[in-house]
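S.K.: What shape does this take:
(one chain, ligands or ions: 2)
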Amino acid sequence: MEKQQEQPMKMLKKRNVLGPVATDFTAANTGNWRIERPEVDYSRCSKCRTCERYCPTNVIEIRPDDQECVYINFDYCKGCGICTNVCPRQCIQLIPEVR
Ligand code: SF4
Ligand code: SF4
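M.R.: Ligands and ions are numbered 1, 2, ... in the order given. So this is what the prediction gives:
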């Protein structure tokens, strides 16, 4: 007797594609998810790069020579707040997003 798990795979193989299918995928603009945004107190930042390493969407870039040394790409920052939690100097805080 056929295993229950094998049945769906068998059905999928028989199916023909009837309509248009996606052939090109682009990254979602995760910045739209944000209800809070990280705000950095640059004067207290030690440029240790901890936030850069821990950001799950990899949108933080430390620019040591800039006055605004923590660059955040807000097109993709989803406001998760991980950077605020890992910063050893507590110089990032979440503030309400205003659109
Ligand atoms: S809030 Fe989340 S996504 Fe945005 S910069 Fe911080 S860690 Fe990255
Ligand atoms: S973790 Fe904090 S102190 Fe370190 S680079 Fe990021 S904002 Fe600056």
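S.K.: any idea how far Arg89 lies from Arg49?
M.R.: The gap separating Arg89 from Arg49 is 12 Å, by C-beta to C-beta, to the nearest Å. In short, each C-beta sits where N, CA and C put it, glycine included.
S.K.: Likewise for Cys80?
M.R.: The gap separating Cys80 from Arg49 is 18 Å, by C-beta to C-beta.
S.K.: Quick check on these two: which one has the bigger neighbour count.
M.R.: Per other C-beta atoms under 10 Å, whichever of Cys80 and Arg49 has more neighbours is Cys80, with 17 against 13.
S.K.: What sits closest to the residue nearest in space to the middle of the chain if chain neighbours are left out?
M.R.: The centroid of the chain falls nearest to Thr57 when counting by C-alpha atoms, centre = their mean (3.0 Å). Of all residues not flanking Thr57 in the chain, Tyr76 sits nearest, at 5.2 Å (C-beta to C-beta, 6 or more residues apart in numbering).
S.K.: do Trp33 as well
M.R.: In this structure, Trp33 finds its nearest non-sequential neighbour in Lys78, 4.6 Å apart by C-beta to C-beta, 6+ apart.
S.K.: and the end-to-end length of stretch 45-52?
M.R.: Looking at stretch 45-52, the gap from its leading to its trailing residue is 12 Å under the measure C-alpha to C-alpha, to the nearest Å.
S.K.: Over to stretch 23-41?
M.R.: Using C-alpha to C-alpha, one end of stretch 23-41 lies 43 Å from the other.
S.K.: So for it, what gets flagged as buried?
M.R.: By neighbour count on 16 or more other C-beta atoms under 10 Å, the buried set for stretch 23-41 is Thr30, Gly31, Arg34, Arg37, Pro38, Val40.
S.K.: Same check on stretch 40-48?
M.R.: Within stretch 40-48, the residues that qualify as buried are Val40, Cys45, counting by 16+ other C-beta under 10 Å.
S.K.: any bit of that stretch sitting next to ligand 1?
M.R.: No. Stretch 40-48 lies out of reach of ligand 1 by C-beta under 6 Å from any ligand atom, never closer than 9.5 Å.
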